[in-house]
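> Dropping the sequence and predicted coords here.
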Amino acid sequence: MDQVFFFYFALVIAASSVLVVAMRNPIYSALSLLIMFFHVAGLYVTLHAEFLAAVQIIVYAGAILVLYLFVVMLLNLRQDDRYHRQWPVAAAIGSVLAIEAIVLTLLKGGTAAVVRTGQESEAAGLGNTEALGDVLYSTYLFPFEVASLILLVAMIGAIILAKKDLEGRQA
């Protein structure tokens, strides 16, 4: 039964991800992104990672998607056909990557994950959220900070683009 849910969520996630890129209207693209975010949260629930599912809905579906919609509305994006001419090339590259992922998954087979001794006793005492926080703020602290800086730069870039567009309209 778990595999049925997994394949349902995987199919909807893959289809809505393609629709995010393929839609010509940015609002429809954002709605496809919203569907994808909710199905990723459902996939987290099937993996018994309820905290990650809640974060997925609150942070991504709530905050990031709303920020994306504000930028789309602020920039007043028009339909641009120059990117849709490259659709066959993107489809070919995506197909090659999907086939590669399937082949690598089949070649991997039933290998077991290697766990260092002592790790299972540490993880057994912690809950899901505590273990995630411990790993995030110890092992992955530097990538976490780099991701926050990238988001800051993207936000500043969106403000500068919107300011230039606003100044161009007033002149």
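Done, it's in. Numbering: from 1, shown residues only.

> all contacts plus neighbour counts: C-alpha atoms, from now on.
OK.

> Please list all residues in contact with residue 17.
By C-alpha atoms under 8 Å, 6 or more residues apart in numbering, the contact set of residue 17 is 32, 33, 36.

> from the chain's centre, how far out does the host helix or strand of the second one sit?
If I follow you right, that is residue 33. Residue 33 is part of helix 26-46, with elements assigned from DSSP states H and E. Distance of helix 26-46 from the chain centroid (C-alpha atoms, centre = their mean, to the nearest Å) equals 9 Å.

> before we move on, back to that, so which of the contacts of residue 17 would you say is closest to residue 139?
Closest approach to residue 139 among these (C-alpha to C-alpha): residue 36, at 28.6 Å.

> count of neighbours near the closest one?
Residue 36 has 23 neighbouring residues, counting by other C-alpha atoms under 10 Å.

> That one is in contact with residue 10, isn't it?
No. Assessed by C-alpha atoms under 8 Å, residue 36 is found out of contact with residue 10, at 9.6 Å.

> elements contacting whatever helix or strand residue 147 lives in?
Following DSSP H and E, one finds residue 147 within helix 141-170. In terms of contacts (3 or more C-alpha pairs under 8 Å, 6 or more residues apart in numbering; DSSP states H and E), helix 141-170 is packed against helix 65-75.

> Break the protein into its domains for me.
Following automatic domain parsing, one gets these domains for the chain: 1-81, 119-171.

> Reformat those as TSV; add mean pLDDT and distance to residue 102.
Shown next, in TSV, are these (pLDDT from 0 to 100; distance: least, C-alpha to C-alpha, whole Å):
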stretch	mean pLDDT	distance to residue 102
domain 1-81	85	13
domain 119-171	78	28
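
> Tell me which of those sits most buried.
domain 1-81 (a mean of 16; mean count of other C-alpha atoms under 10 Å).

> Please state the backbone phi and psi of residue 11?
Residue 11 adopts backbone torsions of phi -70, psi -50, taken as degrees, to the nearest 10.

> what does residue 47 give?
Backbone phi and psi, for residue 47 under degrees, to the nearest 10, turn out to be phi -90, psi 10.
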